[in-house]
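>>> test case, fold it:
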Amino acid sequence: MKQFGGPAAFIDKSDINTDEIIPAKYLTEITKKALTPHLLEDLILEGQDFDPHSPKMQQARVLVTRSNFGCGSSREHAVWALEVNGIDVVIAESFARIFRQNMFNCGILAVELSKADLDRLFALKGEVTVAVDLEGEKLTASCGGSAVECSFTLNPFDKKLINAGGWLAFADANY
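From the prediction side, this is the model:
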């Protein structure tokens, strides 16, 4: 079974839309790989030092953000941009419905946590690593000697999609 987690990048913003995840001008690309350098390039964070091309973002396997992640259009390209950049977990208070399902369809874990739990994660300072226990439905974020543990819930079908590696792999194995 795939292990989920790794170095985390924090984006302290709600309502990050699909155009900010991958700008519309790249929707004509014919391969997922062509989306790689453009992840979050149009994201503007007022008062925050954010560089989508920084080493921290390049190494991130987990994104931690606020509410309504993936709002806007329902295009799969935004999820593909996460996928080709090695992001396999996004943690937020909530996700746009279609975007969330596209994540599970591509084998990317969407973890919904309460605002209080997200605040605890954002309070960690330094290089944060997240470990996910999919079967136990919990995650642990560690930084130095500090750790924050949070529980989450997945519906059984979404868990099957994640365990299979996404919708296509699930369909191949079951139909």
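>>> roughly how far does Phe170 sit from Met1?
From Phe170 across to Met1, the span is 14 Å (Cβ to Cβ, to the nearest Å). Using the backbone N, CA and C atoms, a C-beta is placed for each residue, glycine as well.
>>> spatially central residue in the protein, please.
Against the mean C-alpha coordinate of the chain, by Cα atoms, centre = their mean, the closest residue is Val90 at 2.2 Å.
>>> and the helix or strand harbouring that one, what does it pack against?
Element membership for Val90, per DSSP states H and E: strand 89-92. Counting contacts by 3 or more Cβ pairs under 8 Å, 6 or more residues apart in numbering; DSSP states H and E, strand 89-92 packs against strand 62-64, strand 109-112, helix 115-122, strand 129-133.
>>> what pairs with the second one, and is each one parallel or antiparallel?
Think strand 109-112. Using DSSP bridges, the strands paired with strand 109-112 are strand 89-92 (parallel).
>>> figure out how far the helix or strand just after the partner strand is from the centre of its chain.
Proceeding N to C from strand 89-92, the next assigned helix or strand is helix 97-105, under DSSP H and E. Distance of helix 97-105 from its chain centroid, counting by Cα atoms, centre = their mean, to the nearest Å, is 11 Å.
>>> could you find the closest non-adjacent residue to the residue nearest to the centre of the chain?
Spatial nearest neighbour of Val90, excluding adjacent residues (Cβ to Cβ, 6 or more residues apart in numbering): Leu63 at 4.7 Å.
>>> wait, the one you found sits on Ile87?
Yes - contact criterion Cβ atoms under 8 Å: Leu63 and Ile87 qualify, at 5.7 Å.
>>> mind checking which of these two has more residues around it?
Using other Cβ atoms under 10 Å as the criterion, Leu63 and Ile87 rank with Leu63 on top: 25 against 21.
>>> residue contacts, that one?
By Cβ atoms under 8 Å, 6 or more residues apart in numbering, Leu63 lies in contact with 8-11, 82, 87, 89-91.
>>> could you do Pro52 as well?
Contacts for Pro52 were tallied using Cβ under 8 Å, 6+ apart; they are 39-41, 43.
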